[in-house]
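**Q** below are the sequence and a predicted model; questions follow.
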Amino acid sequence: MIVKKANLTVIIPCYNVELYIANCLDSLVNQTFLPEEIICVNDGSTDQTEAILLKYAAVYEQIRIISQPNLGVSVARNKGIEAASKEYVMFVDSDDIVNINLINEFATCLNSSPTLDVFYFNYTSFKDEKYLPSLTTQSLIESPKKYFDCGISLLNFLLENENYSGVTWQYIFKRSLFKEKFTGRIHEDHKVSLTILKNAKISCYFMSNLAYMHRNRLCSLSNQYVDYNNTCILKKVLVDCFDTMRKLPISLDAKNNYFFRMNVTYLELLLNSSYDYSLRERENIKKELGLLKIAIRMHRKNKRKIIQNICYAFKFSKKNKCSISTNLILLKYAISKKHPYTSIDNEHFYYSTLKQY
C-alpha cells in the first residue's frame, strides 16, 4: 500500500507529559495522510517523557528528538522551527490529539490551491477526567472550507465572527512565513500568529470543531500561577500587537473584538500572576475585568437584557470574590448599560488596559 505523505513538519514541545505524549503521537503516526517529519523537543523532562519519545522514534522514522534543558515552550518551538526541513509547519501541544484526517484535509486543500500559505482550523476542548476522544470516532470529517485571497481577510473574518485565536496550534503554515520568534512561557504565540496572518496570501479556514482536540489540564501552565516576568513579556508583545492591529486594513468591529479579547487575556493573567498586588490593586483589576466582560456581553455578543447581565455580574463577583463596592459597580453597569469610565459605544474606541496595569 502506498503511504501518502505531506510536505509538513509537526513540532511538539514536550515537558513532563508521560501520561499524554503517547496519545498525541498515536494521533499523528496514524494519520490517513502522514506528515513527513515530526520533531519532538524534549524540554528537560524529569519523568518518562524522553523514554516514550525514544520508543516511538525507534519505530517511526519520521520522528526526530531534540533534547534541551528546561528552557520553556518558546525556546523549544524556536528550536523546532530551526530544525524543520519541510515546506509547511504545524505546532502541536504534547497533551493534545490531532484528528486522524486533519492532515488529509490540509493536503486536499493544498492540492486545490498549490500556493496556499495558511490552513486554519477549529478545535474542541476536553478535560482530563472526561472520556478521551476515540480516534475511530474521528475518522470522518465533513465540514466546509472557506478560502481567502490573503491572511488579513481571513483574520478579519475570524475576528468579526469571534472565532480568532492567537494560539499557533490552530494553524498549518508555510515555514517561510515564520518571521517572529516565540518569547515568554505563556500566551507566547500572539505576535507570531498575527505576523503570519499579516504576511500570508492564499489562506483556508477549515470549519470543523473536531479537527483538533485540546486538552484542558488543571496542572497545565495556563492554569497555574504565572511568573510576573512573563506577564511583563506578554504586555510588551500585546503593545506591538495592538499597534499592528490599529494599522491593518480590517473592519472596526474586527479590531475592537481583538482588543476586547486580548485585554481579557491580559487581565486574567495578571490576576493569576505571582506578583504581590495590594488588596486595592487586585480589586481594581477584578473590577476592570468584570466591566470588560459585561461590555463584551452587551456590545460584542449583543446580550443586552438587564436580568441576564445582573445574573452574570453576581456570578463574576462570586467566582472572583469581589468586594461589595466592586459588585455594586458591576451591577450598576449591568442595569444602566453605561460604562462608568469610558465610551465603549464609540465605534472608534480601542480599549486597552496596558497603560493602567
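**A** Yep, that arrived.
**Q** need the phi and psi values for the spatially most central residue of the chain.
**A** By CA atoms, centre = their mean, the mean C-alpha position of the chain lies nearest to residue 167, the distance being 2.4 Å. Torsion angles at residue 167 (phi, psi; degrees, to the nearest 10) stand at phi -70, psi 130.
**Q** enumerate every residue touching it.
**A** Applying CB atoms under 8 Å, 6 or more residues apart in numbering, we find residue 167 in contact with 189, 193. Just so you know, the C-beta spots here come from the backbone N, C-alpha and C atoms, and that holds for glycine as well.
**Q** and it, how far from residue 242?
**A** According to CB to CB, to the nearest Å, residue 167 stands 18 Å off from residue 242.
**Q** show me which residues of stretch 172-180 are buried.
**A** Using 16 or more other CB atoms under 10 Å as the test for burial, stretch 172-180 gives 172, 173, 174, 177, 178, 180.
**Q** helices or strands up against the helix or strand of the chain at the bottom of the mean pLDDT ranking?
**A** Here the helix or strand of the chain ranked lowest by mean pLDDT, DSSP states H and E is strand 124-127, holding a mean of 86. Packed against strand 124-127 by the contact rule (3 or more CB pairs under 8 Å, 6 or more residues apart in numbering; DSSP states H and E) you find strand 212-216.
**Q** now the strand it packs on: how far from the chain's centre is it?
**A** The chain centroid and the centroid of strand 212-216 are separated by 11 Å, computed with CA atoms, centre = their mean, to the nearest Å.
**Q** which residues touch whichever helix or strand comes after that strand?
**A** Once the chain leaves strand 212-216, the next helix or strand it forms, by DSSP states H and E, is helix 228-247. Helix 228-247 has contacts (CB under 8 Å, 6+ apart) with 183-188, 190-191, 194-195, 198, 255, 258-259, 262, 265-266, 269-270, 273-275, 350, 352, 354.
**Q** restricted to buried residues, select the residues you listed in ChimeraX.
**A** ChimeraX command restricting the contacts of helix 228-247 to the buried ones, with burial defined by 16+ other CB under 10 Å:
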select :183,184,185,186,187,188,190,191,194,195,198,255,258,259,262,265,266,269,270,273,275
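**Q** so residue 116 sits against residue 206, correct?
**A** No - using CB atoms under 8 Å, residue 116 makes no contact with residue 206, being 11.5 Å away.
**Q** against residue 83, how distant is the residue nearest to residue 212 when sequence neighbours are not counted?
**A** Nearest non-adjacent residue to residue 212, counting by CB to CB, 6 or more residues apart in numbering: residue 123, 4.0 Å away. For residue 123, the distance to residue 83 equals 25 Å [CB to CB].
**Q** and if you look at residue 274?
**A** To residue 83, residue 274 is 32 Å away according to CB to CB.
**Q** and for residue 121?
**A** Using CB to CB, residue 121 is found at 24 Å from residue 83.
**Q** follow-up on the earlier one: compare residue 123 and residue 83 (neighbour count), which wins?
**A** residue 123 (19 against 14; other CB atoms under 10 Å).
**Q** check contacts around the more buried one.
**A** Contacts of residue 123 (CB under 8 Å, 6+ apart): 169, 170, 209, 211, 212, 213, 214.
**Q** now do the contacts for residue 116.
**A** Neighbours of residue 116 in contact, by CB under 8 Å, 6+ apart: 109, 110, 174, 202, 203, 204.
**Q** and which of those is nearest residue 66?
**A** The closest of the contacts of residue 116 to residue 66 turns out to be residue 174 (CB to CB; 21.6 Å).
**Q** phi first, then psi, for the closest one.
**A** According to degrees, to the nearest 10, residue 174 has phi -60, psi 130.
**Q** gap between the nearest residue to it once chain neighbours are set aside and residue 153?
**A** Distance criterion CB to CB, 6+ apart; nearest residue to residue 174, sequence neighbours excluded, is residue 117 at 5.1 Å. Computed as CB to CB, the residue 117 to residue 153 distance reads 12 Å.
**Q** one more: residue 320?
**A** 37 Å.
**Q** assign residue 36 to helix, strand or coil.
**A** Of the three states, residue 36 takes strand under DSSP: H, G, I helix; E, B strand; the rest coil.
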